[in-house]
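**Q** just to be clear, the model below is a prediction. Sequence and coordinates:
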2 protein chains.
Amino acid sequence: MGYTVGLDVGGTNIVCGVLDETGRLVGTLKRATEAEKGFEHVIERIASMVLELLAEYGIGKSQVAAVGAGIPGFVDPLRGVVKMAGNLKWTDAPAAAALSQRLNLPVYIDNDVRMYVYGEAAFGAGRGFDVVLGVTVGTGLAAAVVDRGNLYYGAGYMAGELGHIRMDGVEYECGCGMTGCLETVASANGIARLARDKAAAGESPVLAEWFGPDRFGLITAADVSRAYDEGDPAAIDAMNYAGKMLGRGLSYAATLYSPDVIVIGGGGAQAGERLLAPVRAELQRLVHPMYWERLTVRTAQLPDHAGVAGSAMHAAKRFAAAAGT
Amino acid sequence: MGYTVGLDVGGTNIVCGVLDETGRLVGTLKRATEAEKGFEHVIERIASMVLELLAEYGIGKSQVAAVGAGIPGFVDPLRGVVKMAGNLKWTDAPAAAALSQRLNLPVYIDNDVRMYVYGEAAFGAGRGFDVVLGVTVGTGLAAAVVDRGNLYYGAGYMAGELGHIRMDGVEYECGCGMTGCLETVASANGIARLARDKAAAGESPVLAEWFGPDRFGLITAADVSRAYDEGDPAAIDAMNYAGKMLGRGLSYAATLYSPDVIVIGGGGAQAGERLLAPVRAELQRLVHPMYWERLTVRTAQLPDHAGVAGSAMHAAKRFAAAAGT
C-alpha cells in the first residue's frame, strides 16, 4: 500500500509525518499553524508541508496511499467536514475535500483526540489490548475508545466527552458554558488553577516563593509537579484532588466502556505517578473488582507523534475499506 | 434465509419465538425455566420448546437459519459460553454448543439485556435512530448500546453496567458487594425499597392504608405508581428520587456514548412519565445542550418480545456474517 501521511493540526502548530508501509515513522515536519490567516491559508500551508516532506525523503506522490489529519474540534469524518473548531475558527469547513483537491490524494480527516488515541492504541501504550480508552489531559480533558481496532463514534461523532461530565462538588465555570465539568479540575489547566487558587489563599509556601503573589497567574501544571516534588502542600493537594476527580470520572467510563487499558496522555500526563497514583486509588475504590482486576492504567508512550501516526494509519485503514480490500 | 428462532431465558420463565424472513413474529411459547433442575435439564427444555413451536406452525428444521438466546448473566458470545448466570446458577456453561448439538442448528447466545436492546433498536422504540442506548429498569439496572446496528461490547463483554456506577449520596448496599450503586435506587426494586423505607418512617399515608406496617415488605414499584396517582407524598418522592438518580447516571452515559435515543424498558418502565419526567429534567440539567438537543428519551415499545426478536435477529446477523454473506 506504500506510504501514508499523517497530520496533527493544532491551533498553534501543525505536525506532519510520513510513515512507510510497516507503519514506521520516516520523518516529520513542524510549522506554526497561522490559523489567524484563515481556512484557505491553513489548507495551502498543510499541502505545502506534505509536498516538502515527501520531497525531503524522495517519496513520489504516486507512492502515497492516503493522507490523514486530526483536527481539534467537532469533525464529521464521513463527510470530511470540520463542523466547528474553536482554535482554528473553522465552521462547516470542507477540509478533506479542500486538501484532497490541492494534493490530488485521498484525504481523511477526524478529531485530533480520536487520532491520538488511535495512534496510542495501534503503536503505543494501548498496543496488544482489545479495548483501549485513551484520555488527553491537556487544556481540557477528552477521551476516545478503540474497540478491537475500531473507534467508537456515537451519534454526531460526539462520544467521549469525558471532560464535560458534571461532577458533584465542583463549582468552576467551564468554557463550554456549563458549571462543574470534570475538565475544570481534571486537566493541565485545572491542576494549575487549583494550585493558583491555593497559592492565592496563602496555602503554598513553595509557589509563593517561586512566583510571588502578583505572578500566580503564570503557574502551570509543570510548576505544580515541581512544587509537588518540593513537598509543597498546596501542590500535593491540587494534584491529589485533580487525580481523584479524574479517577471518579474514569470510574464511570470504565463501567460503561469496559476498557482493558486506560492510556493517559496530553500535557498533564507529564505529572506521571503524581497524578496516576490518586487516579488509580479512586478507580479501585469505585469500580467493581471485575473491572479493576483486568484494568491497566498507564501514561501514553508516543506523546510527540501519536496523533500523526494515528491519523496516517486510520487514513490507510479507511482508504483500504473504501477500496474494498 | 428462512425462519429464525429467538429465546429469552429468564430465571423464572423461558420465552421462545419464531420469526419469519421479514422479521415478523410468527408465534411464541412460554414455559417455566425450572432452573433448579440444572443446566442439562434447562437445555433439554429449551430444545423441546423450539421443536414444539416449530411443529405448531408447520415449520421444518431445514427452514430455520439460526437460533439465538439471551441469557441473564455474563456471556461470552464469541465462545458461546455463559461465564456466570446467578439466577440460573450456571458457571462456565457451554450453552451454545449444548443447544446446537441437541437441535442440530446454529445457535448463538448473548446477554439478555443486549438482546432486548438489540430488539428495541431493530424493531421498537430505537428504530430509525443511529445510536440507541437501551436501559432495563427491573430487579436491577443494566444498559447496552447499539451503534449503527452493532452492539458495543467492551473488554470481557462487560460494557454497559450502568447499574453499578457509584453515586454520591447513595448508601444502600448492592447485591454486587459494593455500596451506593445506581441500581440500588434506580430500579424497580430500588423504587419499591425507597417507598418502603418512607412508609416505615411514617411518611406514606396511602401505602400505610393499603399495606399496614407489617406488610410494607410487599410493596412493589407498581404499588408505588398507584400510590403516586393518589398523591401520596412518599410515593412521589421515591419516584422523583429514583428518576433523578437515573437521569444523573444517564447524563454520564449520554456524554460518553452520545446516543440519539435512550430507550427505557424493564418492569420499572411501566411507571411511564412518573419516572421519565424526572429523568428528562435531570438529564437536561446535566448534559451539554449539544447532546440534549438531539436526544429522545422514551419507553420501550416491545416489552413482551424485544428479547425474543432481538436474539433471533442477532443470531441471523451473526449466522450471515459467519457464512460470509
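**A** Nice, thanks for sending it over.

**Q** what about stretch A:187-198 and chain B, touching?
**A** No: Stretch A:187-198 lies apart from chain B when judged by Cβ under 8 Å from any Cβ of the partner chain; the minimum separation is 15.6 Å. Quick note: C-beta positions are derived from backbone N, CA and C, even for glycine.

**Q** ok, and what's touching that stretch?
**A** Here stretch A:187-198 makes contact (Cβ atoms under 8 Å, 6 or more residues apart in numbering or on different chains) with A:137-141, A:163, A:172, A:183-185, A:204, A:207, A:216-217, A:219-221, A:223-224, A:227, A:234-235, A:237-239, A:241-242, A:266-268, A:271, A:275.

**Q** relative to chain B, how far out is A:Ile43?
**A** 26 Å (Cβ to the nearest Cβ, to the nearest Å).

**Q** which residues does that residue contact?
**A** Neighbour list for A:Ile43: A:Ala95, A:Ala98, A:Leu99, A:Arg102 [criterion: Cβ under 8 Å, 6+ apart].

**Q** could I get these as CSV with secondary structure, neighbour count and pLDDT?
**A** Converted to CSV, the contacts of A:Ile43 look like this (DSSP: H, G, I helix; E, B strand; the rest coil; neighbours: other Cβ atoms under 10 Å in any protein chain shown; pLDDT from 0 to 100):
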residue, secondary structure, neighbour count, pLDDT
A:Ala95, helix, 23, 98
A:Ala98, helix, 19, 98
A:Leu99, helix, 23, 98
A:Arg102, helix, 17, 97
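
**Q** and the two most separated of those?
**A** A:Ala95 and A:Arg102 (10.7 Å; Cβ to Cβ).

**Q** poorly predicted segments of the stretch 1-150 of chain A, please.
**A** A:1 (pLDDT under 70).

**Q** how close does A:Leu99 sit to B:Gly272?
**A** 51 Å (Cβ to Cβ, to the nearest Å).

**Q** swap that for A:Val297, please
**A** Where B:Gly272 is concerned, A:Val297 sits at a distance of 41 Å (Cβ to Cβ).

**Q** between those two, which one's more packed in?
**A** Neighbours per residue, other Cβ atoms under 10 Å in any protein chain shown: of A:Val297 and B:Gly272, the larger number sits with A:Val297, 21 against 11.

**Q** so in terms of bridging, what pairs with that one?
**A** A:Ile262 (DSSP bridges).

**Q** pretty sure it contacts A:Pro278?
**A** No: under the contact definition of Cβ atoms under 8 Å, A:Val297 does not touch A:Pro278, with a separation of 11.1 Å.

**Q** tell me how many other residues crowd the closest residue to chain B within the stretch 1-150 of chain A.
**A** Using Cβ to the nearest Cβ, the closest approach of the stretch 1-150 of chain A to chain B is made by A:Val131 at 4.1 Å. Residues lying near A:Val131 (other Cβ under 10 Å) number 24.

**Q** pull up the per-residue confidence for the residue in the stretch 51-200 of chain A positioned nearest to chain B.
**A** Shortest the stretch 51-200 of chain A-to-chain B distance, computed as Cβ to the nearest Cβ: residue-wise this is A:Gly154, at 2.8 Å. A:Gly154 carries a pLDDT value of 96.

**Q** next, count neighbours for it.
**A** A:Gly154 has 26 nearby residues by other Cβ under 10 Å.

**Q** nearest spatial neighbour of it, chain-adjacent residues omitted?
**A** Computed as Cβ to Cβ, 6 or more residues apart in numbering or on different chains, the closest residue to A:Gly154 that is not its neighbour in sequence is B:Ser258, at 2.8 Å.

**Q** mind listing what that neighbour touches?
**A** A:Tyr153, A:Gly154, A:Ala155, A:Gly156, A:Tyr157, A:Met158, A:Ala159, A:Gly160, A:Glu161, B:Val131, B:Tyr291.

**Q** A:Val15 too?
**A** A:Val15 makes contact with A:Leu7, A:Asp8, A:Thr28, A:Leu29, A:Lys30, A:Asp304, A:His305, A:Gly307, A:Val308 under the criterion Cβ under 8 Å, 6+ apart.

**Q** tally of neighbours for A:Ala195?
**A** For A:Ala195, using other Cβ under 10 Å, the count is 32.

**Q** now the contacts of A:Ile43 in JSON lines, with distance to B:Gly38?
**A** JSON lines is the format used below for the contacts of A:Ile43 (distance: Cβ to Cβ, whole Å):
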{"residue": "A:Ala95", "distance to B:Gly38": "61"}
{"residue": "A:Ala98", "distance to B:Gly38": "65"}
{"residue": "A:Leu99", "distance to B:Gly38": "63"}
{"residue": "A:Arg102", "distance to B:Gly38": "68"}
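
**Q** please report phi then psi for the residue found closest to A:Arg31 once you drop the neighbours it is linked to in the chain.
**A** Spatially, and ignoring its direct neighbours in sequence, A:Arg31 is nearest to A:Ile14 (5.4 Å; Cβ to Cβ, 6+ apart). Here is the backbone geometry of A:Ile14 (degrees, to the nearest 10): phi -110, psi 130.

**Q** so A:Ile14 touches A:Ala47, yeah?
**A** No: between A:Ile14 and A:Ala47 there is no contact under Cβ under 8 Å: 11.0 Å.
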